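1. Below are the sequence and a predicted model for it; my questions follow.
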Amino acid sequence: MADFYPYKETEEKWHKVWETDHTFKFKNDGRPKYYVLEMFPYPSGYLHMGHVRVYCIGDVLAHYRRMQGFDVLHPMGYDAFGLPAENAAIKNKVHPADWTYKNVNHARGQFKKMGISYDWDRELATCDKEYYKWNQWLFIKMFEKGLAYRKKMPVNWCPSCETVLANEQVQDGKCWRCESKVAQKDLTQWFFKITDYTQELLDGHKLIEKGWPEKVIAMQQNWIGKSTGVEIFFKEADTQAPINVFTTRPDTIFGATYIVLAPTHPQVEEIKKRVEAAKVKEIEEFQAKVKKMDITVLTMVSMEKEGVFTGAYAINPVNGNKIPVWIGNYVLMDYGTGAIMAVPTHDSRDFVFSKKYKLPMILVIQPEGKEIKVEEMETAYEGGGKLVNSGQFNGEENIAAKEKIADWMETSKIGKKKINYRLKDWLLSRQRYWGTPIPMIYCEKCGVIPEAEKNLPVELPRDIEFTGKGNPLETSKSFVNCKCPKCGGAAKRETDTMDTFVDSSWYFMRYCDNKNNNEIVNKTIAENLLPVDQYVGGAEHSCMHLIYARFFTKVMRDMGLIKIDEPFIKLLTQGMVHKDGNKMSKSKGNTVSPDDMIEKYGADIARLFMLFAAPPMFDLEWSDEGVEGASRFVNRLWRKMIENMENIKKINGDYEYATLTDSQKKLARKVHQTIKKVTKDIEVEQQFNTAIAGMMELYNVFSATELEVNKPNEAKLLKFVTSNFTLLLAPFVPHFAEELWERQGGTGSVFFQKWPIADEKLTVEDSIELVVQVNGKIREKIQVAMNTSQLETEKIVFASERLKEWLVGKEIVKKIYVPNKLYNIVIK
RNA sequence: GCCGGGGUGGCGAAAUGGCAGACGCAGCGGACUUAAAAUCCGCAGGGCCUUACCCGCCCAUGUCGGUUCGAGUCCGACCCUCGGCACCA
C-alpha cells in the first residue's frame, strides 16, 4: 500500500501556524518592499475557479519575492458594493448588508482554506463605512477642484427598474436585470472630469509599457480614442450662424458638398424656426424616428444611412460654395461637434448617403497611375494621391497637404487644429441603494454644497424597504432630510450613490494604511509602499477599472496625497477558466466548485493543476484528469522525499561533486538547472507551467538516481537535492513545502529561506549530443565533450562512417559550426 | 471596417533562427494482485522500407510564397478563430 500525502492534516496544521505566527504579515522592518496585489473579488456568494486561479498566480509571485528577501505586502479585500446585493434584497428580503457580509465571511473562509499568503490585518470591504467615508471625502475634494460636477445628459434608463443603468448594464438595448427595453432619458447626473487627464493617461503608458501586456495598453489607447484634425468654421448662408465641423481630413475640404448635423444638434432647432411648416414636420418626424432607434448600438453599423434636408444652406469657407445642410442618423451628437462636412468622393459613409439622396460630388484626390472619374465611381476613394479641384493646393500630395491646409485655415481664421478624444467624462451617479452615498446637500439658500468633513461618513440608512421600484434612498426620510452644513437650515441630501468603480479606483492605496481614521492614507506610508509592484487580474478590466484607477492616482497625486504617477508597475492579465470548451459559468452549468476540489484533493493539488495546465495569460481548460495527474505527481514526490528524511535530518555540509557517480553528477546538475529554469520562468517569463514541468523533470531524474544514505557524501547530496527541491516547490505548493521543510529539520518557515541560486558551472552538461546535418538535414548525432573546438569537432564528424555515404562524390561548399549544438555540411 | 492575441499529436501544451512535440493527460503493453484499484516499469506524430526486428528514408507546426546552410520561430499575401473598438467624421 502506497503512502499518500496527508493533505488534510497538513493543510490544517499550517493554516493554524501561519495564523498564530502572522507568517505573511508585512513586517515593515526596513527590507525593500514588494507589493503584490490581485484584483479583489465581488463577494457574490462563492468564489469560483476563475477567482482561485488569479489568487494562486498572485500567491506564487508573493512567495517568490518573499523568499528573495523582500518585505512583501500582499493584501486582500472585497469589492462589496453593487447591484447583486440589492437584487438579493428584493428577491429574498435580506438586507444587502447582511447578504454581503455573509458572503464576505464565506469568501474569507475559502481564501484561508486555499492557504493564500495574505496579510489579513489589512483586509477591507468597500461597504464598510470606514472605507466609504474616504470615497466621500475624495468626492468632496474633487468637487472642490471642479473634478466632480453635475450635468444634464441623456442616459440609459430602465423604465421598469426606474433607475439609470451603466452602459455595461445595457445588453442588446435591454436591461440586464428585467430585460425591458432601455430608453434614453435626460437626467442631471454627477460626473468625474476624467477628460482633464486624457492626454496624461495616454502619455503615462510610456511609464508602464515594459510591465504591462501590449494588448491592454492598446485597448486603453483604443478606448481613449485620440484623433487629430481640424475644426472648420462653416456659416449658415442666410443667418451667418456658425456651424463648426470636426474632420481628420482637412485635405478633402474642397470636396465638401453638404453638411450633416446630428438630429439633436442645437442648430437644427434654430433652422426649424425659419423653414416652412411642412419642412419642420419632416424634420421632427425624422428626429423622432432616430430617437427611437438609436439605443441598440449593435444595429448601428448595419443600419441604413438616412437623413432629411433641413432647408438651410451653409457656406464652405475655403471656396464660398453654398452647400445644403442635412440632418442624418449617422452623425453622433456626442462626438466632435455633432456636425460633419460630407466629402462623398473620399468617405465611404458620405458616398453611400449622397448616392441615396443624389447629392453632388467633387473629386479632390487623384491617385497616381489610374485616373478616377466621378461619374464612374462605385465606392469612395479613401487612398492617397494628388489634390485636384483644390484651389491653391492643386498638385500637392494629400498627406502633406493636410498639415499645410490646417495651418492655412488657422491663419485665415476659418478653422482651428483640434484633438478629439472618444473618452467621455465618467458618469458616476446611480439611483441605487447599495453604494457610497454621494455626500452632497441641496439647500434652498446655499445651493448645492458638500457635507461638512466632520460629518462624514454620510451613512447608508437601514430603514429601507427594497421593492425594486424607484431610488431606495428617496424613501428614507431620516436620510433625505438634513441640516445645511453652511446655514444650518433644513436641506435635502443627494439620494444617488456612487458607481462601484469608484471604490476600486483607490483600494490599493487604502491597504497601505487601512486602519487610519484621520487620513485616507498616511503620506509617508504611501510613499514607502506604493506603487503596486505586481498587479494580477482579468483583462476584462482593461478599459474600466484600470483606466479609472490610473485616473484616481493622478488626481490624488495632484492633491498632494501621494507621489506616484502610475499605480501598477507590472500587470499580469490571466486567462479565463473554461470547461468543455466554454467559459465556466453558472448559466452554462459547467462549474467546478473550489470547495469540492479542496475537500477532495487539498489546496496544493488544485493550485498545482491550475498553474501547470496553461501559462497564466492563456485561457485554462479545466480537466478532472489533469487534477488527478497533479495529485499523482504530488504523491509520488511525497514518497520520494520522505523516504530517507530521518537519515538526512542530521546531515550537514556540502557534498563533493568529483567523487559522485555519473548519474549522481547528473542529478546534482539537474538541481542547478532546475533552479535556473524555475527562477527564470517565474521572474522573466511568468510562465509557471514550464517551471512545474521543470520540477517534474527533476523528480524524474531524482527517482532514477541511486543514492545510498549510509555513504556520507551521497547523504549530503540527498540533503542538497531535498532542501533545494523543497525551496523551489514552496511558491507553488506552500503547505506541502512547509511540511517537507519541517520534516527535513529546516529551521523557521520555508518562506523565509533564501531562494536558491544556481551554480552556473553546474547548469551546463559535460558532454552534449552534437547534431550533424548535411544540407540542413540531420544525418548523424555524435556525443562530444562540452566546448569541443571546431577543429576537433570536424575530425570527429568526418570520421563518421554513416556521414561518408552522404558525402561521397559531392563537393563541400560550406561548413557551419554552432558550438555545442550543430555541425552543418553544405554540399553540391 | 480598425486594433490586438492565437492556429503545433487524440487532448492541455514545450521549443535565445539550430534534434519539433519537453512536461503532463488520455491510450497501449508489461510487473504486482485470485481479481480490480492504487503503485511501478516500458511504448507511443503520420507514412514508407522490412516476413518481422534493428537500421534507414520520406512527410509533418492554418494556407501559399520569400529570406537563410538551416524557419514553428524572420518577411510578404491569404484563411480561420478569440478578444476589444466600431456610422468616432
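-> In hand now; what should we look at?
2. Let me know how buried the residue of chain A found nearest RNA strand B is, in neighbour terms.
-> In chain A, the residue found nearest to RNA strand B is A:Gly629; the distance is 2.5 Å by CB to the nearest atom of the strand. Quick note: C-beta positions are derived from backbone N, CA and C, even for glycine. Neighbour count for A:Gly629, taken as other CB atoms under 10 Å: 17.
3. where does the stretch 701-828 of chain A come near RNA strand B, residue by residue?
-> Proximity of the stretch 701-828 of chain A to RNA strand B (CB under 7 Å from any atom of the strand) is limited to residues A:703-704, A:768-769, A:771, A:773, A:775-779, A:781, A:802, A:814, A:816, A:818, A:821-822, A:824, A:826.
4. Quick check: ChimeraX command selecting the buried ones in the residues you listed.
-> To isolate the buried members of those in ChimeraX, using 16 or more other CB atoms under 10 Å:
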select /A:768,773,779,824
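5. So which of the residues of the stretch 701-828 of chain A next to RNA strand B belong to strands?
-> A:768-769, A:771, A:773, A:777-779, A:781, A:814, A:816, A:818, A:822, A:824, A:826 (DSSP state E).
6. Compile those into a markdown table and extend it with columns for pLDDT.
-> Listed next are these as a markdown table, based on pLDDT from 0 to 100:
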| residue | pLDDT |
| --- | --- |
| A:Ile768 | 84 |
| A:Glu769 | 84 |
| A:Val771 | 88 |
| A:Gln773 | 89 |
| A:Lys777 | 85 |
| A:Ile778 | 86 |
| A:Arg779 | 87 |
| A:Lys781 | 84 |
| A:Lys814 | 86 |
| A:Ile816 | 89 |
| A:Val818 | 88 |
| A:Leu822 | 88 |
| A:Asn824 | 90 |
| A:Val826 | 89 |
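7. Let me see the contact set for A:Leu740.
-> The contact partners of A:Leu740, taken as CB atoms under 8 Å, 6 or more residues apart in numbering, are A:641-642, A:722, A:726, A:729, A:750.
8. Going along the chain, name the strands of the stretch 201-350 of chain A.
-> A:227-236, A:242-247, A:258-261, A:307-315, A:322-328, A:339-342 (DSSP state E, counting those that start in this stretch).
9. Ok, the stretch 1-150 of chain A next?
-> Counting by DSSP E, counting those that start in this stretch, one finds strands in the stretch 1-150 of chain A at the ranges A:33-38, A:71-73, A:77-78, A:124-125, A:148-158.
10. okay if I get those strands as a markdown table plus distance to RNA strand B and mean pLDDT?
-> Formatted as a markdown table, those follow (distance: least, CB to the nearest atom of the strand, whole Å; pLDDT from 0 to 100):
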| stretch | distance to RNA strand B | mean pLDDT |
| --- | --- | --- |
| strand A:33-38 | 20 | 97 |
| strand A:71-73 | 26 | 98 |
| strand A:77-78 | 25 | 97 |
| strand A:124-125 | 28 | 97 |
| strand A:148-158 | 14 | 84 |
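11. Name the helix or strand of chain A that has the lowest mean pLDDT.
-> helix A:297-300 (a mean of 46; mean pLDDT, DSSP states H and E).
12. For the residue of chain A closest to RNA strand B, grab phi and psi.
-> As for A:Gly629, its main-chain torsions (degrees, to the nearest 10) stand at phi -60, psi -40.
13. per-residue pLDDT, it?
-> pLDDT for A:Gly629: 94.
14. My read is that it contacts A:Ile605, right?
-> No. A:Gly629 lies out of contact with A:Ile605 (CB atoms under 8 Å); the separation is 9.7 Å.
15. circling back to that earlier point, tabulate the strands of the stretch 1-150 of chain A in a markdown table, adding columns for distance to A:Ala288.
-> A markdown table is the format used below for the strands of the stretch 1-150 of chain A (distance: least, CB to CB, whole Å):
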| stretch | distance to A:Ala288 |
| --- | --- |
| strand A:33-38 | 49 |
| strand A:71-73 | 57 |
| strand A:77-78 | 46 |
| strand A:124-125 | 47 |
| strand A:148-158 | 15 |
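16. So which of these is nearest A:Met576?
-> Of all those, strand A:33-38 sits nearest to A:Met576, with 15.1 Å by CB to CB.
17. Now for A:Val721: which residues touch it?
-> So A:Val721 contacts A:667-668, A:671, A:702 (CB under 8 Å, 6+ apart).
18. how about the helices of the stretch 551-700 of chain A, start to end?
-> Secondary structure of the stretch 551-700 of chain A, counting by DSSP state H, counting those that start in this stretch: helices at A:594-601, A:603-613, A:624-642, A:645-649, A:662-680, A:688-704.
19. Out of those helices, which one sits most buried?
-> With neighbours taken as mean count of other CB atoms under 10 Å, the helices of the stretch 551-700 of chain A reach their highest mean count in helix A:603-613, at a mean of 26.
20. Run through the neighbouring helices and strands of it.
-> helix A:7-21, helix A:49-67, helix A:96-114, helix A:594-601, strand A:620-621, helix A:624-642, helix A:688-704, helix A:734-743 (3 or more CB pairs under 8 Å, 6 or more residues apart in numbering; DSSP states H and E).
21. Could you tell me the least trusted of these?
-> When I compare the helices and strands packed on helix A:603-613, strand A:620-621 is least confident, with a mean of 88.
22. Show me what that one pairs with in its sheet, parallel or antiparallel.
-> Strands that pair with strand A:620-621, judged by DSSP bridges, come out as strand A:577-579 (parallel).
23. Give me the distance from the strand it pairs with to the chain's centre.
-> 19 Å (CA atoms, centre = their mean, to the nearest Å).
24. What about the spatially closest residue to A:Leu729 that is not a sequence neighbour, how many residues nearby?
-> Nearest non-adjacent residue to A:Leu729, counting by CB to CB, 6 or more residues apart in numbering: A:Ala737, 4.5 Å away. As a burial measure, A:Ala737 scores 26 neighbours (other CB under 10 Å).
25. Now for A:Ala737: which residues touch it?
-> A:Ala737 makes contact with A:726-727, A:729-730, A:750, according to CB under 8 Å, 6+ apart.
26. could those residues be laid out in CSV, adding pLDDT, neighbour count and secondary structure?
-> Output for the contacts of A:Ala737, formatted as CSV (pLDDT from 0 to 100; neighbours: other CB atoms under 10 Å; DSSP: H, G, I helix; E, B strand; the rest coil):
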residue, pLDDT, neighbour count, secondary structure
A:Thr726, 97, 24, helix
A:Leu727, 98, 22, helix
A:Leu729, 98, 25, helix
A:Ala730, 97, 25, coil
A:Val750, 97, 24, helix
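27. In a markdown table, list the helices of the stretch 551-700 of chain A along with distance to A:Tyr132.
-> Shown next, in a markdown table, are the helices of the stretch 551-700 of chain A (distance: least, CB to CB, whole Å):
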| stretch | distance to A:Tyr132 |
| --- | --- |
| helix A:594-601 | 29 |
| helix A:603-613 | 32 |
| helix A:624-642 | 40 |
| helix A:645-649 | 52 |
| helix A:662-680 | 42 |
| helix A:688-704 | 36 |
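28. all helices of the stretch 301-450 of chain A, in order?
-> Using DSSP H, counting those that start in this stretch, helices in the stretch 301-450 of chain A cover A:348-357, A:398-411.
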